[in-house]
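Chemist: Here is a sequence with its predicted model. Questions after.
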Amino acid sequence: MPVLIVGSIALDDIKTQLAEHKNLLGGSASYGAVSASNFSPVNLVGIVGEDFPQEHIELFRRRGIDLGGLQIVPGETFRWSGEYMWDMNVRETRSVELNVFEHFTPTLPDGYHATPIVLLANIAPDLQHHVLNQVSQPRFVIADTMDLWINIAKESLEKLVARVDMLILNDGEARQFTGETSLIKAGKKIRAMGPQFVAIKKGEHGCLLFGPEAKYFSCPAYPLEDIHDPTGAGDSFAGGLAGYLASTVKDGEVTFEHLKKAVVYGSVLASYNVEAFSLERLKTVDSAQIDSRYDLFRHIAHFEGL
Ligand code: AMP
């Protein structure tokens, strides 16, 4: 089954306390699509300017990502820059240049409308609605978001949350969105807004999954020693999770047990992503490496029955 991914495609400048790199491939859809492509075909919807390097397009092609929904228009690509503190869970946005993103209307090409699994990666909620309006009877819709949209587009985000099967957000965003300090209360409150499933990411501390009938799964993070650039960890997580679902959900329902596995696969992809800047590690990882880290992770974390 293919997965439809809409989100940002960016050129990023990233600074950590140890290194700085400019003009890197970034964006929620780039990370999400490359991550998901390890499991399933991907239909990508996004926009870039004419300055977008051809090598990145080639990377998407090499990963078998369908680019029928990629708009390449006159102007400059969306740019974002950020700096990480010694505690790499703490990041400050240094600048944002919307450029071609400012007038982006995501339009699905023929053949995308019936994509069964949809990942609305981080992008303005109005644009996420716009994509959702164009898909017909999707099997499972996942949405990601960020603090910016909770600040400036909360109403649209609340309406979106009511339309999706799963919301993914990080701990700070969950607290900001719900006004709850407890992540357990926040998870329950978001579920009450509509989605069957909620995943709250906690950076290097893993992730909480909430499901129907008060079902709950706490997934640790894979214990990595060398973290070089956490940018896109959340997007790689969401992409891995969506891709895994697309490759394994056949006729049946998406169950909580199924999503537990998807969360672990998403965490494995996120762990590869943070090992290098941009998509440098993510783009080289293969399915044998993913499966071997998944097995090691199960063993280390004492997951039973996964
Ligand atoms: P994450 O580390 O998962 O928060 O994702 C980082 C990526 O999000 C970077 O590659 C940025 O280019 C992208 N990004 C930053 N701000 C925005 C925004 N306002 N809308 C969409 N994508 C963004």
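Modeler: Noted; the coordinates are in hand. In this text the structure is predicted, and so the values were computed from the model without any measurement. Numbering: from 1, shown residues only.

Chemist: just how off-centre is stretch 19-33 within its chain?
Modeler: Here stretch 19-33 is found 13 Å from its chain centre; the criterion is Cα atoms, centre = their mean, to the nearest Å.

Chemist: what pLDDT, on average, does it get?
Modeler: Averaging pLDDT along stretch 19-33 yields 98.

Chemist: and it, is it in reach of the ligand?
Modeler: Yes - between stretch 19-33 and the ligand, judged by Cβ under 6 Å from any ligand atom, the touching residues are 26-28. C-beta coordinates here come from the backbone N, C-alpha and C atoms, glycine included.

Chemist: Quick check: the residue of the stretch 1-150 of the chain nearest the ligand.
Modeler: The nearest approach of the stretch 1-150 of the chain to the ligand comes at Gly26, 2.7 Å away (Cβ to the nearest ligand atom).

Chemist: What is the burial count for that residue?
Modeler: 29 (other Cβ atoms under 10 Å).

Chemist: hang on, isn't it packed against Asp229?
Modeler: No - with contact defined as Cβ atoms under 8 Å, Gly26 does not reach Asp229; the gap is 9.8 Å.

Chemist: Find the residue closest to the residue of the stretch 1-150 of the chain closest to the ligand in space, skipping its chain neighbours.
Modeler: Counting by Cβ to Cβ, 6 or more residues apart in numbering, Asp12 is the residue found nearest to Gly26 once chain neighbours are left out, at 3.4 Å.

Chemist: And Ile123, by the same measure?
Modeler: The shortest distance from Ile123 to any non-neighbouring residue, by Cβ to Cβ, 6+ apart, is to Gly7 (5.0 Å).

Chemist: how far is the strand or helix carrying Ile300 from where the chain is centred?
Modeler: Using DSSP states H and E, Ile300 sits in helix 287-301. Mean C-alpha position of helix 287-301 versus that of the full chain (Cα atoms, centre = their mean) differs by 20 Å.

Chemist: The chain against the ligand: which residues are in contact?
Modeler: Contact residues, the chain versus the ligand (Cβ under 6 Å from any ligand atom): 8, 10, 12, 26-28, 80, 96, 122-123, 148, 231-235.

Chemist: now those residues: which count as buried?
Modeler: For these, a burial check counting by 16 or more other Cβ atoms under 10 Å picks out 8, 10, 12, 26-28, 80, 122-123, 231-235.

Chemist: Quick check: the residue of the stretch 201-306 of the chain nearest the ligand.
Modeler: The stretch 201-306 of the chain approaches the ligand most closely through Gly234 (3.4 Å), counting by Cβ to the nearest ligand atom.

Chemist: if I pick Glu225, what's in contact with it?
Modeler: With contacts defined as Cβ atoms under 8 Å, 6 or more residues apart in numbering, Glu225 has no neighbours.

Chemist: Kindly confirm my reading that it is in a strand.
Modeler: No - read with DSSP: H, G, I helix; E, B strand; the rest coil, Glu225 is coil and lies in no strand.

Chemist: Nearest residue to the most centrally placed residue in the chain in space, please, no chain neighbours.
Modeler: Centroid-nearest residue in the chain, with Cα atoms, centre = their mean: Asp235, separated by 2.6 Å. In space, and not counting its chain neighbours, Asp235 is closest to Tyr31: 3.5 Å by Cβ to Cβ, 6+ apart.

Chemist: which ones are touching the residue nearest to Ile142 when sequence neighbours are not counted?
Modeler: Distances taken as Cβ to Cβ, 6+ apart place Met166 nearest to Ile142, at 4.5 Å, with adjacent residues excluded. By Cβ under 8 Å, 6+ apart, the contact set of Met166 is 140-143, 195-199, 259.

Chemist: those helices in this structure, which residues are they?
Modeler: Using DSSP state H, the helices of the chain run over residues 28-36, 54-62, 125-134, 147-152, 154-161, 171-178, 183-192, 233-248, 256-273, 287-301.
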